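>>> 3D, please:
(chains A, B and C)
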Amino acid sequence: MESYFQLFFRETKVAVKRWTDVLTGIILFFLTAILFPLISDSGKDFLLSIVGPIMMFSSFFASLLSMQNMFKADFQNGTIEQLLLSKKSFVGLIFTKTLAFWLFTSLPLILVSGLIASIYFVTGKDILIIQMTLFLSTMTMININAFTAAITLGIRYPGALMTLIITPITLPILIFGSKAIENSILGLDISGPLYFLTGMMMLSLFLGPWITASALKISMD
Amino acid sequence: MGLKAIYKYGSPPNFYRFVTRLEPWCLYFGLLLILIGSAGGLFLAPKDYQMGDAFRIIYFHVPSAYLSMSAYAAMGFASIIGIVWRSNVAFSVAKSIAPFGALMTTIALLTGMLWGKPMWGTAWVWDARLTSEFILLLLYLGYITLHASIREQKKADRSASLVAILGIINLPIIHYSVVWWNTLHQASTISKLDSPSIVGEMLWPLLVMIIGYMFFFVAVICRASSAEVLKREKRSSWVKAI
Amino acid sequence: MSIFDMEGYNFYVWTSVFISFLALFLAYYDALKKHKDVVKMIKNRNQSE
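Sure, this is the predicted structure:
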């Protein structure tokens, strides 16, 4: 158990040291989200009708770009090899690492999203629903992104390729996430999409670290 | 059967011999069926009372769409075998399926557009099946690009296979989420022409076409994967004897 | 023959027939070419050894 905490603290230190990487995600999220009212109609009805897709799109985009180099530095300085050699289960260590990464790249997005939601004239309970949807969907996305980052580890410029691999896999999350936000704003029942998102989150939390670990093993040897 | 059979047919020389013997039969039989089917579809089948002659595109659209999906299933199956038994033969089969599957998906999309233009008035609607087909194309392209951009053969094989397997798990989820999204957005635009009931004289050319495409697919895969196996085994002694 | 006069659908039907056959041809031709190239390469190596 202790080594998991050690890894977690190490990730925290790294994140503090490379605070620009953490900030990149938030800036991207914020800018893409506020660009839409700036360049198109800024009427209340229009913004309320597009807030769902835009929230999902911006978080997808931000987490994709901030996770491109998730394993790269650790791969180059040999940390991943050390993790692979350690006595603890590699899958567990990857799970810890992914969770720490979520804490520093996606949790800020969820906090900022409340602010953005109020720019889009969303009020009251709907803001909480948006944050909840983002919580569930970023938890899933981070596992998908970690897998893709692991599998494209040996490639020098993985950006376009990662997008190509991630987009089809993430699509259901984006569809159901924006549906949940849309339904909540229209005052409809949101339990269906939220159940789906929760299910996908559970599935990705169980399968994700395992697949990521095997992808890393392939990329290592 | 079981492991013994896998080792017997999974060894490259046996696979190569088996595949090169199988290939001409599949090719000629497939071509024959495709010719019969297209003659039947284009000339013999009666005109559809609702869609006129444009429905004849279906005889070329449905087989390619059908094949694009079953090719993906075959690719995923080969990838699983490759990952589990570390079989080079299975990897080369999976690799040679990918371009053909992508091609078939493109053809399915194009013929679908050519059918949609006179029927719906637009070449593209955000229909569930069209969108899923497009996503399928993205999955194929992801596999091909990933395989091409990793230089080491073994690593490329195994990484791309992981992506293919993930795609197999995800494909039903993607399909049903797109269907669900679609039914909420535009249910009534195309439902009238959505499922034309095909009967009797119109049906047999379609079935013949599908079977013909299948055999043709097997022939192409035999040829391409035998080339791939030869390339990978170029240093072994049985290759030199050919 | 009535099939060549399809009330304005001519273009759509025959284009899809054409691209389908073109795709089938290209797929098989590509596989054939790959196989030929590999066999040629192996023969060259055998001779040079």
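>>> just the element for residue A:28, please.
Using DSSP states H and E, residue A:28 sits in helix A:19-39.
>>> what average pLDDT does the next helix-or-strand element following that helix get?
Next helix or strand after helix A:19-39 toward the C-terminus (DSSP H and E): helix A:44-66. Confidence over helix A:44-66 (mean pLDDT, whole number) is 88.
>>> is helix A:44-66 anywhere near chain B?
No. Judged by Cβ under 8 Å from any Cβ of the partner chain, helix A:44-66 and chain B are separated, with a smallest distance of 11.3 Å. The C-beta positions use only the backbone N, C-alpha and C, and glycine is treated the same way.
>>> what residues does chain A put near chain B?
Counting by Cβ under 8 Å from any Cβ, the positions of chain A adjacent to chain B are A:147, A:151-152, A:154-155, A:161, A:164-165, A:167-169, A:171-172, A:175-176, A:179, A:196, A:200, A:211, A:214-215, A:218-219, A:221.
>>> filter these to the buried ones?
Listed as buried from the residues of chain A next to chain B are A:147, A:151-152, A:154-155, A:161, A:164-165, A:167-169, A:171-172, A:175-176, A:179, A:196, A:200, A:211, A:214-215, A:218-219; burial here means 16 or more other Cβ atoms under 10 Å in any protein chain shown.
>>> in helices, which of these fall?
When these are checked against helices using DSSP state H, the ones located there are A:147, A:151, A:161, A:164-165, A:167-169, A:171-172, A:175-176, A:179, A:196, A:200, A:211, A:214-215, A:218-219.
>>> contact residues of chain A facing chain C?
Counting by Cβ under 8 Å from any Cβ, chain A comes close to chain C at no residue.
>>> okay, now the nearest residue to residue B:56 once chain neighbours are set aside: neighbour count?
Nearest residue to residue B:56 in three dimensions, chain neighbours excluded: residue C:13, at 5.3 Å (Cβ to Cβ, 6 or more residues apart in numbering or on different chains). Applying other Cβ atoms under 10 Å in any protein chain shown, we find 25 residues neighbouring residue C:13.
>>> ok, residue B:45 touching residue B:205?
Yes. Checked against Cβ atoms under 8 Å, the pair residue B:45 and residue B:205 is within contact range at 5.8 Å.
>>> intersection of neighbour lists for these two?
residue B:59 (Cβ atoms under 8 Å, 6 or more residues apart in numbering or on different chains).
>>> ok so, going back, please save the CA atoms from the helix holding residue A:28 in PDB.
Output in PDB follows, covering the C-alpha atoms of helix A:19-39 (Å, rounded to 0.1, in the frame of the first residue of the first chain):
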ATOM      1  CA  TRP A  19       2.600  23.400 -13.500                       C
ATOM      2  CA  THR A  20       2.600  24.700 -17.000                       C
ATOM      3  CA  ASP A  21       1.400  21.300 -18.300                       C
ATOM      4  CA  VAL A  22      -1.400  21.300 -15.800                       C
ATOM      5  CA  LEU A  23      -2.300  24.900 -16.700                       C
ATOM      6  CA  THR A  24      -2.400  24.000 -20.400                       C
ATOM      7  CA  GLY A  25      -5.400  21.800 -20.000                       C
ATOM      8  CA  ILE A  26      -7.400  24.500 -18.100                       C
ATOM      9  CA  ILE A  27      -6.500  27.200 -20.500                       C
ATOM     10  CA  LEU A  28      -7.500  25.100 -23.500                       C
ATOM     11  CA  PHE A  29     -10.800  24.200 -21.800                       C
ATOM     12  CA  PHE A  30     -11.500  27.700 -20.900                       C
ATOM     13  CA  LEU A  31     -10.600  29.200 -24.200                       C
ATOM     14  CA  THR A  32     -12.400  26.700 -26.400                       C
ATOM     15  CA  ALA A  33     -15.500  27.100 -24.200                       C
ATOM     16  CA  ILE A  34     -15.700  30.900 -24.300                       C
ATOM     17  CA  LEU A  35     -14.800  31.100 -28.000                       C
ATOM     18  CA  PHE A  36     -18.300  30.000 -29.000                       C
ATOM     19  CA  PRO A  37     -20.300  32.900 -27.500                       C
ATOM     20  CA  LEU A  38     -17.600  35.200 -28.800                       C
ATOM     21  CA  ILE A  39     -17.700  34.200 -32.500                       C
END
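>>> now the helices: where do they sit in chain C?
With DSSP H as the criterion, chain C has helices spanning C:10-48.
>>> how about the residues of it near chain B?
So chain C meets chain B at C:1, C:3, C:6-9, C:12-13, C:15-17, C:19-20, C:23-24, C:26-28, C:30-32, C:34-35, C:37-39, C:41-42, C:45-46 (Cβ under 8 Å from any Cβ).
>>> just the buried subset of the residues you listed, please.
The buried subset of those - by 16+ other Cβ under 10 Å - is C:6, C:9, C:12-13, C:16-17, C:19-20, C:23-24, C:27-28, C:30-31, C:34-35, C:38, C:42.
>>> what stretches of chain C score poorly on pLDDT?
For chain C, the stretches with pLDDT under 70 are C:1-8.
>>> go with 90
Within chain C, the stretches with pLDDT under 90 are C:1-17, C:34-35, C:38-49.
>>> what about dumping the CA coordinates of stretch A:207-221 to CSV?
This file holds the C-alpha atoms of stretch A:207-221, laid out as CSV (Å, rounded to 0.1, in the frame of the first residue of the first chain):
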residue,chain,number,x,y,z
LEU,A,207,-10.5,-2.6,-17.7
GLY,A,208,-8.5,0.6,-18.4
PRO,A,209,-5.5,0.1,-16.1
TRP,A,210,-5.2,-3.5,-17.2
ILE,A,211,-5.2,-2.6,-20.9
THR,A,212,-2.9,0.3,-20.4
ALA,A,213,-0.5,-1.8,-18.5
SER,A,214,-0.4,-4.4,-21.3
ALA,A,215,0.0,-1.6,-23.9
LEU,A,216,2.9,-0.2,-21.9
LYS,A,217,4.5,-3.6,-21.7
ILE,A,218,4.3,-3.9,-25.5
SER,A,219,5.8,-0.5,-26.0
MET,A,220,8.6,-1.2,-23.5
ASP,A,221,10.1,-4.4,-25.1
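>>> for residue B:76, what are its contacts?
Residue B:76 makes contact with B:164-165, B:167-168, according to Cβ under 8 Å, 6+ apart.
>>> what about those residues, which one has the most neighbours?
Counting by other Cβ under 10 Å, top hit in the contacts of residue B:76: residue B:164 with 27 neighbours.
>>> which one is that one nearest to, not counting chain neighbours?
Residue B:164 sits nearest to residue B:79 (Cβ to Cβ, 6+ apart), 4.3 Å away.
>>> burial count for that neighbour?
For residue B:79, the count of nearby residues is 28 (other Cβ under 10 Å).
>>> for it, what are phi and psi?
Here is the backbone geometry of residue B:79 (degrees, to the nearest 10): phi -70, psi -40.
>>> mind listing what it touches?
Residue B:79 makes contact with B:90-91, B:94, B:160-162, B:164-165, according to Cβ under 8 Å, 6+ apart.
>>> any chance you could map the strands in chain B?
For chain B, strands defined by DSSP state E do not occur.
>>> so which bits of it are right by chain A?
Contact residues, chain B versus chain A (Cβ under 8 Å from any Cβ): B:135, B:138-139, B:141-142, B:145-146, B:149-152, B:155, B:158-159, B:162-163, B:166-167, B:170, B:173-174, B:177-178, B:180-181, B:184.
>>> now, of these, which are buried?
By neighbour count, with 16+ other Cβ under 10 Å, the residues of chain B next to chain A hold B:135, B:138-139, B:141-142, B:145-146, B:149-150, B:155, B:158-159, B:162-163, B:166-167, B:170, B:173-174, B:177-178, B:180-181 as buried.
>>> wait, which of the contacts of residue B:79 is closest to residue A:95?
residue B:162 (17.8 Å; Cβ to Cβ).
>>> so what's the residue count around the closest residue to residue B:20 other than its chain neighbours?
Leaving out its chain neighbours, the residue that sits closest to residue B:20 by Cβ to Cβ, 6+ apart is residue B:226, at 5.8 Å. The tally of other residues near residue B:226 (other Cβ under 10 Å) stands at 27.
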